[in-house]
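Novice: what follows is a predicted structure for the sequence shown.
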Amino acid sequence: METKNTGALQLDPEELKRLRALLEREPQQIVLLAHTNPDGDAIGSALAWARQLERLGHSVRIIAPNRFPYFLESMPGISEVIIHRQEPERSEQLAREADVIFCIDFNGIARLEALGQAIESNASAVRVLIDHHLQPTERYDIRFSHPESCSTAFLVYSLILEIFGREHLTREIAECLYVGMMTDTGNFSYSVLTPALFRAVADLAETGIDIPAIYNGIYNAYSPQRARLFGYVIHRNMKFLKHNTVAYMSLTEEEMRRYYFQQGDSEGFVNYPLTVGKMKLSAMFLQHHTFIRVSLRSRGNVDVNLFARRYFEGGGHKNAAGGKSYVSMEETIEHFKRSIEEFASEGGLKQ
């Protein structure tokens, strides 16, 4: 629920009270966690919130399980993000010694993979959730769970406004929040697009951020190899089902090596089939060493969160979700085809 005539979400007063009291304590050791394969929303939200907490005198560290996509490298402060896969001992020590742990843009410790063990071992830290995904799975001492929000960045923006005031929106914080909102809404073309969101964007713009430069830094900064990879996937690996209302694409490890794949190169691929007029659901299968990552997108009332939970041990949002498969690519695709038939027979593809 949004507050009227402001660019912010309506937040639980009791949770706000607890968060205020927590942040007013003596300077604390605070860790902000982003999920595995961190995207623009996770990184942007964490960077913005970290800057605000640092202004209160707290010692703040951001930890991500693995590296963020290269097209996020121009974001202010991103060099300070600690990558667990690169510095496991340092990041795990910080997690074990933290007074406060913020879980940013994910709803379960399982999404942290190996880093999650260090988090679980710290039983004394106050855990705070700031997230917009459905059905949180963990216990949190303070919880801001808002699936109605377009992004976690919009939720962080709302927290800053509610607790500190609009004057605390510095240009650096605004840039990070804008990246989060922009990337999680496909440059404001899907997801939960509300008047309050655009009021928030106006607030961010008033700080003087260079919106065209931010857009170009994210969406027009891919490598030549990525452009060739995209052409290959569309031409060779995009298949259609159900009278061109469902599409899927796949990439094996061998194909990715052929095009010098970097983290983030497949970003946005799964959205492309939705440019086809009758398309209702799109899937992308990306092969990793021990599993296949499944990305799902949809239009209208086609619920890929339900589909992901039922068939791929995943979840997410109604129109954007994901999961994993632990069998071969061929078996995964066949499972997907059977699942689509069952899902359609139950009315799941009706808009």
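Specialist: Structure's in. What do you need? Keep in mind it's a predicted model, so treat the numbers as computed, not measured.
Novice: wait, Phe343 sits on Leu349?
Specialist: Yes: using Cβ atoms under 8 Å as the test, Phe343 is close enough to Leu349 to be in contact (6.7 Å). All C-beta atoms are positioned from the backbone trio N, CA, C, and that covers glycine.
Novice: so which residues of this structure form helices?
Specialist: Secondary structure of the chain, counting by DSSP state H: helices at 13-23, 40-54, 88-97, 115-121, 152-163, 171-184, 195-205, 211-219, 224-232, 253-258, 304-311, 329-345.
Novice: out of the ones you listed, which gets the lowest mean score?
Specialist: Per-segment mean pLDDT for the helices of the chain reaches its minimum on helix 115-121, at a mean of 85.
Novice: in that helix, which residues are buried?
Specialist: 115-116, 118-119 (16 or more other Cβ atoms under 10 Å).
Novice: out of those, which is nearest to Met256?
Specialist: Closest approach to Met256 among these (Cβ to Cβ): Leu115, at 24.1 Å.
Novice: give me the number of residues near Ala174?
Specialist: Neighbouring residues of Ala174 were enumerated by other Cβ atoms under 10 Å; the total is 23.
Novice: and the gap between it and Leu53?
Specialist: As judged by Cβ to Cβ, to the nearest Å, Ala174 and Leu53 stand 16 Å apart.
Novice: what does Asp99 give?
Specialist: Computed as Cβ to Cβ, the Asp99 to Leu53 distance reads 12 Å.
Novice: His235 too?
Specialist: When Cβ to Cβ is the yardstick, His235 and Leu53 sit 47 Å from each other.
Novice: neighbour count for these two, which is higher?
Specialist: Relative neighbour count places Leu53 above the other of His235 and Leu53, with 19 against 8, counting by other Cβ under 10 Å.
Novice: show the contacting residues for that one.
Specialist: Leu53 is in contact with 23, 30, 60, counting by Cβ atoms under 8 Å, 6 or more residues apart in numbering.
Novice: top of the residues you listed by neighbour count?
Specialist: If you count neighbours using other Cβ under 10 Å, the busiest of those is Ile30, which has 26 neighbours.
Novice: wait, that residue touches Ile62, no?
Specialist: No: with contacts defined as Cβ under 8 Å, Ile30 does not count as touching Ile62, sitting 9.7 Å away.
Novice: appreciated, that's everything.
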